[in-house]
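Novice: here is my input; please provide its structure:
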Amino acid sequence: MLSTMQDVPLTVTRILHHGMTIHGQSRITTWTGDAAAPHRRTFAEAGARATRLAGALREELGVTGDERVATLMWNNAEHVEAYLAIPSMGAVLHTLNLRLPAEQLIWIVNHAEDRVVIVNGSLLPLLAPLLPHLPTIEHIVVSGPGDRSLLADAAPQVHEYEELIADRPATFDWPELDERSAAAMCYTSGTTGDPKGVVYSHRSIYLHSMQVNMTESMGLTDKDTTLVVVPQFHVNAWGLPHATFMTGVNMLMPDRFLQPAPLAEMIELERPSHAAAVPTIWQGLLAEVTANPRDLSSMKNVTIGGAACPPSLMEAYDKLGVRLCHAWGMTETSPLGTMANPPAGLTAEEEWPYRITQGRFPACVEARLVGPGGDILPWDGESAGELEVRGPWIAGAYYGGAAGEPLAPEDKFSADGWLRTGDVGVISADGFLTLTDRAKDVIKSGGEWISSVELENALMAHPEVVEAAVVAVPDDKWGERPLATVVLKEDATADYEALRTFLAGSIAKWQLPERWATVPAVPKTSVGKFDKKVIRRQYAAGELDVTLL
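Specialist: Sure thing, here's the model as predicted:
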(Lines give C-alpha, C1' and ligand atoms only; values in the text may rest on other atoms or scores of the structure.)
Protein backbone atom coordinates (compact mmCIF):
# COMPACT_ATOMS: atom_id res chain seq x y z
CA MET A 1 0.00 0.00 0.00
CA LEU A 2 1.40 3.41 -0.97
CA SER A 3 0.71 6.67 0.80
CA THR A 4 -1.42 9.42 -0.69
CA MET A 5 1.16 12.11 0.12
CA GLN A 6 2.78 14.29 -2.54
CA ASP A 7 6.41 13.53 -3.33
CA VAL A 8 8.01 16.99 -3.14
CA PRO A 9 11.84 17.08 -3.18
CA LEU A 10 13.57 18.54 -0.12
CA THR A 11 15.98 21.01 -1.71
CA VAL A 12 17.98 24.11 -0.86
CA THR A 13 15.94 25.88 -3.57
CA ARG A 14 12.86 25.58 -1.35
CA ILE A 15 14.77 27.06 1.58
CA LEU A 16 15.82 29.98 -0.64
CA HIS A 17 12.29 30.70 -1.86
CA HIS A 18 10.75 30.34 1.60
CA GLY A 19 13.28 32.63 3.28
CA MET A 20 13.10 35.43 0.71
CA THR A 21 9.28 35.49 0.71
CA ILE A 22 7.86 34.36 4.05
CA HIS A 23 10.78 35.83 6.02
CA GLY A 24 11.73 38.55 3.56
CA GLN A 25 12.13 41.22 6.27
CA SER A 26 14.60 39.24 8.38
CA ARG A 27 18.11 40.65 8.08
CA ILE A 28 21.72 39.69 7.50
CA THR A 29 23.98 42.19 9.26
CA THR A 30 27.66 42.10 8.28
CA TRP A 31 30.15 43.78 10.58
CA THR A 32 32.41 46.24 8.76
CA GLY A 33 34.74 47.30 11.55
CA ASP A 34 32.85 50.59 11.84
CA ALA A 35 30.43 50.29 14.75
CA ALA A 36 28.30 53.07 13.27
CA ALA A 37 27.99 51.48 9.85
CA PRO A 38 27.44 47.71 9.76
CA HIS A 39 26.06 46.49 6.43
CA ARG A 40 22.44 45.33 6.50
CA ARG A 41 20.54 43.33 3.91
CA THR A 42 17.08 41.76 4.16
CA PHE A 43 16.41 38.13 3.28
CA ALA A 44 14.32 39.38 0.35
CA GLU A 45 17.28 41.39 -0.96
CA ALA A 46 19.73 38.54 -0.34
CA GLY A 47 17.41 36.10 -2.10
CA ALA A 48 17.08 38.37 -5.12
CA ARG A 49 20.86 38.78 -5.28
CA ALA A 50 21.30 35.00 -4.98
CA THR A 51 18.95 34.62 -7.93
CA ARG A 52 21.03 37.06 -9.97
CA LEU A 53 24.21 35.25 -8.92
CA ALA A 54 22.81 31.95 -10.17
CA GLY A 55 21.99 33.58 -13.50
CA ALA A 56 25.47 35.06 -13.79
CA LEU A 57 27.18 31.78 -12.97
CA ARG A 58 25.08 29.97 -15.58
CA GLU A 59 25.00 32.52 -18.40
CA GLU A 60 28.23 34.49 -17.95
CA LEU A 61 30.57 31.85 -16.51
CA GLY A 62 28.99 28.77 -18.06
CA VAL A 63 28.49 26.77 -14.86
CA THR A 64 26.29 23.79 -15.70
CA GLY A 65 25.32 20.52 -14.09
CA ASP A 66 26.99 19.64 -10.84
CA GLU A 67 30.20 21.59 -11.43
CA ARG A 68 31.91 22.77 -8.26
CA VAL A 69 31.95 26.45 -7.31
CA ALA A 70 34.36 27.20 -4.49
CA THR A 71 34.18 30.00 -1.94
CA LEU A 72 37.16 31.49 -0.14
CA MET A 73 35.28 33.93 2.05
CA TRP A 74 34.62 35.25 5.53
CA ASN A 75 31.19 35.06 7.14
CA ASN A 76 29.20 37.77 5.36
CA ALA A 77 26.03 38.40 3.36
CA GLU A 78 27.66 37.62 0.01
CA HIS A 79 28.79 34.25 1.31
CA VAL A 80 25.21 33.49 2.39
CA GLU A 81 24.05 34.40 -1.13
CA ALA A 82 26.52 31.86 -2.54
CA TYR A 83 25.24 29.26 -0.03
CA LEU A 84 21.77 29.66 -1.53
CA ALA A 85 22.47 30.26 -5.22
CA ILE A 86 25.03 27.56 -6.00
CA PRO A 87 23.14 24.47 -4.73
CA SER A 88 19.78 25.80 -5.92
CA MET A 89 21.03 26.03 -9.52
CA GLY A 90 22.21 22.41 -9.36
CA ALA A 91 25.93 23.13 -8.90
CA VAL A 92 27.91 22.15 -5.80
CA LEU A 93 29.02 24.68 -3.19
CA HIS A 94 32.58 23.96 -2.04
CA THR A 95 33.68 26.06 0.95
CA LEU A 96 37.46 26.39 1.27
CA ASN A 97 39.09 26.55 4.68
CA LEU A 98 41.17 29.73 4.53
CA ARG A 99 43.27 28.60 7.51
CA LEU A 100 44.65 25.47 5.88
CA PRO A 101 48.27 25.31 4.70
CA ALA A 102 48.77 26.22 1.04
CA GLU A 103 49.63 22.68 0.01
CA GLN A 104 46.37 21.33 1.49
CA LEU A 105 44.28 24.02 -0.20
CA ILE A 106 45.89 23.19 -3.53
CA TRP A 107 45.24 19.49 -3.03
CA ILE A 108 41.59 20.09 -2.07
CA VAL A 109 40.77 22.41 -4.99
CA ASN A 110 42.36 20.04 -7.48
CA HIS A 111 40.70 16.98 -5.95
CA ALA A 112 37.27 18.63 -6.09
CA GLU A 113 37.99 20.02 -9.59
CA ASP A 114 36.60 23.43 -8.70
CA ARG A 115 35.85 25.49 -11.81
CA VAL A 116 35.01 28.85 -10.23
CA VAL A 117 36.14 30.44 -6.97
CA ILE A 118 34.34 33.34 -5.28
CA VAL A 119 36.80 35.17 -3.03
CA ASN A 120 36.75 38.14 -0.66
CA GLY A 121 39.17 40.83 -1.80
CA SER A 122 40.96 40.78 1.54
CA LEU A 123 41.88 37.13 0.89
CA LEU A 124 43.52 37.70 -2.50
CA PRO A 125 47.01 37.54 -0.93
CA LEU A 126 46.13 33.99 0.09
CA LEU A 127 44.60 32.93 -3.23
CA ALA A 128 46.97 34.56 -5.75
CA PRO A 129 50.09 32.42 -5.01
CA LEU A 130 48.00 29.25 -5.33
CA LEU A 131 46.60 29.95 -8.80
CA PRO A 132 49.55 28.57 -10.85
CA HIS A 133 48.87 25.22 -9.14
CA LEU A 134 45.09 25.21 -9.74
CA PRO A 135 44.56 24.17 -13.38
CA THR A 136 40.81 23.55 -13.08
CA ILE A 137 39.99 27.13 -11.97
CA GLU A 138 38.69 29.10 -14.97
CA HIS A 139 37.00 32.06 -13.26
CA ILE A 140 37.66 34.16 -10.16
CA VAL A 141 34.85 36.30 -8.75
CA VAL A 142 36.06 38.97 -6.30
CA SER A 143 33.81 40.50 -3.64
CA GLY A 144 34.70 43.51 -1.51
CA PRO A 145 37.83 45.63 -1.14
CA GLY A 146 41.25 44.16 -1.87
CA ASP A 147 44.31 44.50 -4.09
CA ARG A 148 43.19 43.30 -7.54
CA SER A 149 46.71 43.83 -8.90
CA LEU A 150 47.64 40.53 -7.26
CA LEU A 151 45.58 38.86 -10.01
CA ALA A 152 47.24 40.76 -12.88
CA ASP A 153 49.01 37.65 -14.15
CA ALA A 154 46.27 35.18 -13.27
CA ALA A 155 45.34 32.68 -15.95
CA PRO A 156 41.65 32.48 -14.93
CA GLN A 157 39.28 35.28 -15.92
CA VAL A 158 38.67 37.80 -13.13
CA HIS A 159 35.19 39.21 -12.44
CA GLU A 160 33.76 41.69 -9.96
CA TYR A 161 30.96 40.19 -7.84
CA GLU A 162 28.81 43.32 -7.87
CA GLU A 163 29.30 43.96 -11.57
CA LEU A 164 28.52 40.32 -12.38
CA ILE A 165 25.11 40.40 -10.71
CA ALA A 166 24.20 44.02 -11.53
CA ASP A 167 21.31 44.65 -13.93
CA ARG A 168 20.51 40.98 -14.19
CA PRO A 169 16.87 39.88 -13.93
CA ALA A 170 15.81 38.73 -10.48
CA THR A 171 14.40 35.56 -12.02
CA PHE A 172 16.04 32.25 -12.84
CA ASP A 173 14.79 29.01 -14.31
CA TRP A 174 15.53 26.91 -11.24
CA PRO A 175 15.87 23.21 -12.11
CA GLU A 176 13.77 20.60 -10.32
CA LEU A 177 16.53 18.72 -8.54
CA ASP A 178 16.78 15.23 -7.13
CA GLU A 179 16.92 15.73 -3.36
CA ARG A 180 19.66 13.09 -3.17
CA SER A 181 21.97 15.00 -5.50
CA ALA A 182 25.03 16.85 -4.24
CA ALA A 183 24.46 20.35 -2.86
CA ALA A 184 27.64 21.20 -0.95
CA MET A 185 30.96 19.72 0.07
CA CYS A 186 33.51 20.24 2.82
CA TYR A 187 36.85 18.56 3.38
CA THR A 188 38.10 17.26 6.69
CA SER A 189 41.20 19.00 8.00
CA GLY A 190 43.47 16.12 7.03
CA THR A 191 45.01 15.46 10.43
CA THR A 192 45.88 11.97 9.19
CA GLY A 193 46.63 11.51 5.50
CA ASP A 194 45.07 13.64 2.77
CA PRO A 195 41.90 15.64 3.52
CA LYS A 196 38.71 13.74 2.77
CA GLY A 197 35.72 15.20 0.96
CA VAL A 198 32.25 14.98 2.50
CA VAL A 199 29.40 15.70 0.08
CA TYR A 200 26.06 16.84 1.49
CA SER A 201 22.82 16.23 -0.39
CA HIS A 202 19.90 18.65 -0.69
CA ARG A 203 17.89 16.21 1.42
CA SER A 204 20.51 16.04 4.17
CA ILE A 205 20.83 19.85 4.34
CA TYR A 206 17.04 20.30 4.46
CA LEU A 207 16.52 17.72 7.22
CA HIS A 208 19.55 18.97 9.16
CA SER A 209 18.20 22.54 8.95
CA MET A 210 14.90 21.38 10.42
CA GLN A 211 16.74 19.72 13.29
CA VAL A 212 18.85 22.83 14.01
CA ASN A 213 15.61 24.78 14.39
CA MET A 214 13.90 22.31 16.71
CA THR A 215 13.53 23.32 20.34
CA GLU A 216 15.59 20.33 21.48
CA SER A 217 18.45 21.72 19.39
CA MET A 218 19.04 25.49 18.98
CA GLY A 219 15.33 26.34 18.92
CA LEU A 220 15.68 29.71 17.17
CA THR A 221 12.83 31.78 15.66
CA ASP A 222 12.48 34.99 13.64
CA LYS A 223 12.52 36.88 16.93
CA ASP A 224 16.16 35.83 17.42
CA THR A 225 19.45 37.09 16.06
CA THR A 226 22.31 34.63 15.90
CA LEU A 227 25.95 35.70 15.87
CA VAL A 228 27.52 33.22 13.44
CA VAL A 229 31.14 33.13 14.57
CA VAL A 230 31.78 29.55 13.49
CA PRO A 231 33.28 29.94 10.00
CA GLN A 232 31.14 29.20 6.98
CA PHE A 233 33.96 26.91 5.81
CA HIS A 234 33.62 24.84 9.00
CA VAL A 235 30.89 22.26 8.25
CA ASN A 236 28.70 24.92 6.60
CA ALA A 237 28.81 27.09 9.75
CA TRP A 238 27.17 24.20 11.59
CA GLY A 239 24.18 24.47 9.25
CA LEU A 240 23.15 27.92 10.50
CA PRO A 241 22.94 29.85 7.17
CA HIS A 242 20.47 27.37 5.71
CA ALA A 243 18.59 26.84 8.98
CA THR A 244 18.18 30.56 9.62
CA PHE A 245 16.89 31.19 6.09
CA MET A 246 14.35 28.45 6.71
CA THR A 247 12.89 30.09 9.83
CA GLY A 248 13.75 33.78 9.45
CA VAL A 249 16.37 33.99 12.19
CA ASN A 250 18.34 37.21 11.79
CA MET A 251 22.06 36.69 11.14
CA LEU A 252 24.92 38.78 12.53
CA MET A 253 28.02 37.98 10.48
CA PRO A 254 31.44 39.07 11.83
CA ASP A 255 33.27 39.01 8.48
CA ARG A 256 37.01 39.11 9.28
CA PHE A 257 36.55 40.75 12.70
CA LEU A 258 36.93 37.63 14.82
CA GLN A 259 39.14 39.00 17.59
CA PRO A 260 37.70 39.23 21.14
CA ALA A 261 37.43 43.05 21.23
CA PRO A 262 35.33 43.49 18.04
CA LEU A 263 33.19 40.48 18.97
CA ALA A 264 32.46 42.06 22.36
CA GLU A 265 31.62 45.35 20.64
CA MET A 266 29.23 43.82 18.13
CA ILE A 267 27.47 41.81 20.86
CA GLU A 268 26.95 44.93 22.94
CA LEU A 269 25.71 47.06 20.04
CA GLU A 270 23.80 44.55 17.88
CA ARG A 271 22.47 42.50 20.83
CA PRO A 272 22.26 38.97 19.39
CA SER A 273 20.28 36.46 21.43
CA HIS A 274 22.33 33.45 20.30
CA ALA A 275 25.82 32.68 19.06
CA ALA A 276 27.84 29.68 17.89
CA ALA A 277 31.60 29.06 18.02
CA VAL A 278 34.32 26.77 19.35
CA PRO A 279 35.51 27.02 23.01
CA THR A 280 38.68 28.97 22.18
CA ILE A 281 36.54 31.88 20.91
CA TRP A 282 34.60 32.04 24.18
CA GLN A 283 37.76 31.76 26.26
CA GLY A 284 39.20 34.76 24.42
CA LEU A 285 35.96 36.73 24.76
CA LEU A 286 35.81 35.98 28.50
CA ALA A 287 39.31 37.35 28.98
CA GLU A 288 38.36 40.46 26.99
CA VAL A 289 35.18 41.29 28.91
CA THR A 290 36.90 40.56 32.21
CA ALA A 291 39.54 43.17 31.38
CA ASN A 292 37.18 45.55 29.52
CA PRO A 293 33.57 44.97 30.66
CA ARG A 294 30.88 44.93 27.96
CA ASP A 295 27.15 44.27 28.09
CA LEU A 296 26.57 40.67 26.96
CA SER A 297 23.11 40.42 28.53
CA SER A 298 21.26 39.96 25.22
CA MET A 299 23.12 36.75 24.43
CA LYS A 300 21.17 34.24 26.47
CA ASN A 301 22.28 31.09 24.69
CA VAL A 302 25.51 29.99 23.04
CA THR A 303 26.04 26.77 21.08
CA ILE A 304 29.56 25.56 21.74
CA GLY A 305 31.16 22.67 19.87
CA GLY A 306 34.17 21.56 17.87
CA ALA A 307 35.95 20.55 21.09
CA ALA A 308 35.00 19.78 24.67
CA CYS A 309 34.01 22.86 26.68
CA PRO A 310 35.72 23.07 30.09
CA PRO A 311 33.05 23.13 32.85
CA SER A 312 34.89 26.09 34.39
CA LEU A 313 34.15 28.09 31.22
CA MET A 314 30.45 27.25 31.49
CA GLU A 315 30.44 28.40 35.10
CA ALA A 316 32.16 31.68 34.24
CA TYR A 317 29.56 32.50 31.58
CA ASP A 318 26.70 31.45 33.86
CA LYS A 319 27.80 34.28 36.14
CA LEU A 320 27.49 36.67 33.17
CA GLY A 321 23.97 35.41 32.41
CA VAL A 322 25.09 33.59 29.25
CA ARG A 323 24.27 29.89 29.01
CA LEU A 324 26.72 27.73 27.05
CA CYS A 325 25.18 24.61 25.52
CA HIS A 326 27.42 21.74 24.46
CA ALA A 327 26.96 20.27 20.99
CA TRP A 328 28.86 17.41 19.38
CA GLY A 329 29.38 16.71 15.72
CA MET A 330 31.86 16.26 12.88
CA THR A 331 32.29 17.27 9.25
CA GLU A 332 30.87 13.83 8.49
CA THR A 333 27.71 14.50 10.57
CA SER A 334 26.69 17.83 8.95
CA PRO A 335 27.55 18.42 11.96
CA LEU A 336 24.67 18.19 14.46
CA GLY A 337 24.95 14.92 16.40
CA THR A 338 23.94 15.86 19.94
CA MET A 339 22.85 18.89 21.98
CA ALA A 340 23.16 19.09 25.78
CA ASN A 341 19.72 20.42 26.69
CA PRO A 342 18.83 18.85 30.06
CA PRO A 343 15.52 17.03 30.58
CA ALA A 344 12.53 19.00 31.85
CA GLY A 345 11.66 19.57 35.49
CA LEU A 346 15.16 19.82 36.97
CA THR A 347 16.69 22.42 39.22
CA ALA A 348 19.83 24.26 38.11
CA GLU A 349 21.89 21.97 40.34
CA GLU A 350 20.23 18.86 38.91
CA GLU A 351 20.77 20.12 35.33
CA TRP A 352 24.53 20.47 35.74
CA PRO A 353 25.50 16.79 35.20
CA TYR A 354 23.57 16.87 31.91
CA ARG A 355 25.03 20.19 30.76
CA ILE A 356 28.61 18.95 30.96
CA THR A 357 27.87 15.97 28.71
CA GLN A 358 28.02 16.26 24.93
CA GLY A 359 24.24 15.96 24.90
CA ARG A 360 21.36 13.85 23.71
CA PHE A 361 20.85 12.34 20.26
CA PRO A 362 17.95 13.59 18.10
CA ALA A 363 15.56 11.12 16.51
CA CYS A 364 17.38 11.08 13.16
CA VAL A 365 20.78 10.14 14.63
CA GLU A 366 21.18 6.52 15.68
CA ALA A 367 24.15 5.76 17.92
CA ARG A 368 25.97 2.77 19.31
CA LEU A 369 29.12 2.10 21.32
CA VAL A 370 31.52 -0.55 20.10
CA GLY A 371 34.06 -2.21 22.40
CA PRO A 372 37.64 -3.12 21.45
CA GLY A 373 36.51 -6.61 20.43
CA GLY A 374 33.70 -5.36 18.22
CA ASP A 375 30.93 -6.05 20.72
CA ILE A 376 28.03 -3.58 21.07
CA LEU A 377 28.07 -2.04 24.55
CA PRO A 378 25.05 -1.11 26.69
CA TRP A 379 23.85 2.43 27.35
CA ASP A 380 24.51 2.34 31.08
CA GLY A 381 26.67 5.44 31.57
CA GLU A 382 29.66 3.24 32.42
CA SER A 383 30.57 1.03 29.46
CA ALA A 384 33.07 2.96 27.32
CA GLY A 385 33.57 2.29 23.64
CA GLU A 386 34.01 3.96 20.27
CA LEU A 387 30.97 5.94 19.15
CA GLU A 388 29.41 4.93 15.83
CA VAL A 389 26.47 6.78 14.25
CA ARG A 390 24.18 6.66 11.23
CA GLY A 391 21.33 8.79 9.93
CA PRO A 392 20.03 10.89 7.02
CA TRP A 393 22.66 13.63 7.49
CA ILE A 394 25.55 11.28 8.34
CA ALA A 395 28.18 10.49 5.70
CA GLY A 396 28.35 6.95 4.41
CA ALA A 397 31.48 7.45 2.30
CA TYR A 398 33.99 10.09 1.14
CA TYR A 399 34.18 11.83 -2.23
CA GLY A 400 36.27 9.79 -4.65
CA GLY A 401 37.62 12.44 -7.01
CA ALA A 402 37.62 12.63 -10.78
CA ALA A 403 35.49 9.54 -11.36
CA GLY A 404 32.96 10.82 -8.84
CA GLU A 405 32.79 7.43 -7.14
CA PRO A 406 32.46 7.47 -3.34
CA LEU A 407 35.19 6.01 -1.18
CA ALA A 408 34.54 4.12 2.04
CA PRO A 409 37.85 3.54 3.87
CA GLU A 410 37.59 0.52 6.14
CA ASP A 411 38.90 2.42 9.15
CA LYS A 412 36.11 5.04 9.01
CA PHE A 413 32.99 3.02 8.20
CA SER A 414 31.83 -0.27 9.67
CA ALA A 415 30.98 -3.26 7.51
CA ASP A 416 27.28 -2.55 8.06
CA GLY A 417 27.54 1.14 7.10
CA TRP A 418 27.92 3.03 10.38
CA LEU A 419 30.32 5.99 10.66
CA ARG A 420 33.15 5.23 13.06
CA THR A 421 33.68 8.59 14.75
CA GLY A 422 36.98 7.92 16.50
CA ASP A 423 35.46 9.33 19.70
CA VAL A 424 35.45 7.23 22.87
CA GLY A 425 32.76 7.67 25.48
CA VAL A 426 29.72 6.41 27.35
CA ILE A 427 25.98 6.87 26.80
CA SER A 428 23.45 7.07 29.63
CA ALA A 429 20.21 5.09 29.62
CA ASP A 430 18.31 8.22 28.53
CA GLY A 431 20.62 8.88 25.58
CA PHE A 432 23.11 11.48 26.85
CA LEU A 433 26.59 11.11 25.39
CA THR A 434 29.73 11.78 27.44
CA LEU A 435 32.95 11.66 25.44
CA THR A 436 36.05 10.79 27.40
CA ASP A 437 38.54 11.22 24.58
CA ARG A 438 39.43 10.73 20.95
CA ALA A 439 40.51 7.14 20.36
CA LYS A 440 43.90 8.41 19.19
CA ASP A 441 44.30 10.63 22.28
CA VAL A 442 43.43 8.15 25.03
CA ILE A 443 46.46 7.56 27.26
CA LYS A 444 47.03 3.82 27.66
CA SER A 445 48.97 3.53 30.92
CA GLY A 446 49.76 0.13 32.41
CA GLY A 447 46.74 -1.48 30.80
CA GLU A 448 44.36 1.25 31.98
CA TRP A 449 42.93 4.24 30.09
CA ILE A 450 43.43 7.83 31.18
CA SER A 451 41.22 10.52 29.64
CA SER A 452 43.22 13.48 28.39
CA VAL A 453 40.02 15.55 28.23
CA GLU A 454 39.24 14.93 31.91
CA LEU A 455 42.74 16.06 32.89
CA GLU A 456 42.49 19.15 30.68
CA ASN A 457 39.12 20.19 32.09
CA ALA A 458 40.37 19.74 35.64
CA LEU A 459 43.50 21.81 34.93
CA MET A 460 41.55 24.60 33.25
CA ALA A 461 39.42 24.91 36.38
CA HIS A 462 42.51 26.28 38.15
CA PRO A 463 42.21 30.09 38.35
CA GLU A 464 45.75 30.65 37.05
CA VAL A 465 45.52 28.31 34.04
CA VAL A 466 44.38 29.84 30.73
CA GLU A 467 44.62 26.69 28.61
CA ALA A 468 45.85 23.14 29.10
CA ALA A 469 46.45 20.26 26.71
CA VAL A 470 47.41 16.74 27.76
CA VAL A 471 48.96 14.12 25.46
CA ALA A 472 50.32 10.61 25.81
CA VAL A 473 54.11 10.23 25.71
CA PRO A 474 56.17 7.00 25.81
CA ASP A 475 57.12 5.61 29.21
CA ASP A 476 59.50 2.67 29.80
CA LYS A 477 57.53 1.30 32.76
CA TRP A 478 53.88 2.02 31.93
CA GLY A 479 53.92 2.18 28.13
CA GLU A 480 52.40 5.68 28.09
CA ARG A 481 52.02 8.47 30.64
CA PRO A 482 50.36 11.91 30.41
CA LEU A 483 52.34 15.05 29.57
CA ALA A 484 50.55 18.21 30.72
CA THR A 485 51.25 21.42 28.78
CA VAL A 486 49.79 24.56 30.33
CA VAL A 487 49.34 28.22 29.44
CA LEU A 488 49.50 30.29 32.64
CA LYS A 489 48.22 33.80 33.31
CA GLU A 490 50.84 36.52 33.29
CA ASP A 491 50.80 36.99 37.08
CA ALA A 492 50.54 33.27 37.90
CA THR A 493 52.33 32.04 41.01
CA ALA A 494 51.36 28.36 40.86
CA ASP A 495 54.14 25.88 40.10
CA TYR A 496 53.81 22.35 38.77
CA GLU A 497 53.65 20.80 42.25
CA ALA A 498 50.78 23.13 43.12
CA LEU A 499 48.95 22.22 39.92
CA ARG A 500 49.46 18.52 40.58
CA THR A 501 48.12 18.95 44.10
CA PHE A 502 45.12 20.81 42.67
CA LEU A 503 44.42 17.91 40.28
CA ALA A 504 44.62 15.42 43.14
CA GLY A 505 41.37 16.89 44.47
CA SER A 506 39.39 15.39 41.57
CA ILE A 507 41.68 12.97 39.71
CA ALA A 508 42.86 9.52 40.81
CA LYS A 509 46.45 9.61 42.04
CA TRP A 510 47.73 7.10 39.48
CA GLN A 511 46.44 9.32 36.63
CA LEU A 512 48.31 12.48 37.75
CA PRO A 513 50.94 13.65 35.23
CA GLU A 514 54.61 13.49 36.15
CA ARG A 515 55.72 15.44 33.07
CA TRP A 516 54.92 19.14 32.79
CA ALA A 517 55.71 21.97 30.39
CA THR A 518 54.65 25.59 30.06
CA VAL A 519 53.84 26.86 26.56
CA PRO A 520 52.91 30.36 25.30
CA ALA A 521 49.81 28.96 23.59
CA VAL A 522 48.33 25.55 22.88
CA PRO A 523 48.74 24.73 19.15
CA LYS A 524 45.42 24.72 17.33
CA THR A 525 44.04 23.28 14.11
CA SER A 526 42.48 25.37 11.34
CA VAL A 527 39.10 25.14 13.09
CA GLY A 528 40.31 26.00 16.58
CA LYS A 529 40.73 22.56 18.12
CA PHE A 530 43.79 21.63 20.19
CA ASP A 531 46.36 20.21 17.76
CA LYS A 532 47.84 17.46 19.90
CA LYS A 533 49.92 15.96 17.11
CA VAL A 534 52.03 19.15 17.19
CA ILE A 535 52.63 18.76 20.93
CA ARG A 536 53.60 15.11 20.50
CA ARG A 537 55.99 16.07 17.72
CA GLN A 538 57.51 18.88 19.83
CA TYR A 539 58.03 16.47 22.71
CA ALA A 540 59.65 13.83 20.50
CA ALA A 541 61.98 16.45 19.03
CA GLY A 542 63.00 17.73 22.46
CA GLU A 543 61.56 21.18 21.77
CA LEU A 544 59.61 21.42 25.04
CA ASP A 545 61.18 22.35 28.38
CA VAL A 546 59.77 19.41 30.33
CA THR A 547 59.92 19.14 34.11
CA LEU A 548 59.68 15.65 35.62
CA LEU A 549 58.10 15.55 39.08
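Novice: so where's the stretch 401-549 of the chain uncertain?
Specialist: 402, 447 (pLDDT under 70).
Novice: can you pull out the helices in it?
Specialist: Here the stretch 401-549 of the chain has its helices, by DSSP state H, counting those that start in this stretch, at 452-460, 496-503, 532-540.
Novice: can you get me a residue count around residue 321?
Specialist: 11 (other C-beta atoms under 10 Å). For every residue, glycine as well, the C-beta is placed using N, CA and C.
Novice: does it touch residue 301 like I think?
Specialist: No. Between residue 321 and residue 301 there is no contact under C-beta atoms under 8 Å: 10.7 Å.
Novice: neighbouring strands - and their directions - for the helix or strand of the chain at the bottom of the mean pLDDT ranking?
Specialist: Across the helices and strands of the chain, mean confidence by mean pLDDT, DSSP states H and E is lowest for strand 448-450: a mean of 78. Strands that pair with strand 448-450, judged by DSSP bridges, come out as strand 443-445 (antiparallel).
Novice: quick one: the partner strand to chain centroid distance?
Specialist: With C-alpha atoms, centre = their mean, to the nearest Å as the basis, strand 443-445 stands 29 Å off its chain's centre.
Novice: hmm, who's touching it?
Specialist: 449-452, 470-472, 475, 478-482, 510-511 (C-beta atoms under 8 Å, 6 or more residues apart in numbering).
Novice: same question, stretch 257-271
Specialist: For stretch 257-271, using C-beta under 8 Å, 6+ apart, the contacting residues are 29, 31, 33, 35, 38, 225, 227, 229, 252, 254, 275, 281, 284-285, 287-289, 292, 294-296, 298-299.
Novice: all strands of the stretch 151-300 of the chain, in order?
Specialist: With strands called from DSSP state E, counting those that start in this stretch, the stretch 151-300 of the chain shows them at 157-160, 182-187, 197-201, 225-228, 250-253, 274-277.
Novice: by contact count, what packs against the third one?
Specialist: Using 3 or more C-beta pairs under 8 Å, 6 or more residues apart in numbering; DSSP states H and E as the contact criterion, the elements in contact with strand 197-201 are helix 102-112, strand 182-187.
Novice: now the shortest one: mean pLDDT?
Specialist: Put plainly, it is strand 182-187. For strand 182-187, mean pLDDT is 97.
Novice: pLDDT value on the spatially most central residue of the chain, please?
Specialist: What sits nearest the mean C-alpha location of the chain, by C-alpha atoms, centre = their mean, is residue 234, with 4.2 Å. Looking at residue 234, its pLDDT reads 93.
Novice: doesn't residue 97 make contact with it?
Specialist: Yes. Residue 234 is within contact range of residue 97, at 7.3 Å (criterion: C-beta under 8 Å).
Novice: list residues touching both of the two?
Specialist: residue 527.
Novice: follow-up on the earlier one: give me whichever of the helices of the stretch 401-549 of the chain is most buried.
Specialist: helix 452-460 (a mean of 23; mean count of other C-beta atoms under 10 Å).
Novice: in a helix, residue 363, correct?
Specialist: No. Counting by DSSP: H, G, I helix; E, B strand; the rest coil, residue 363 is not found in a helix; it is coil.
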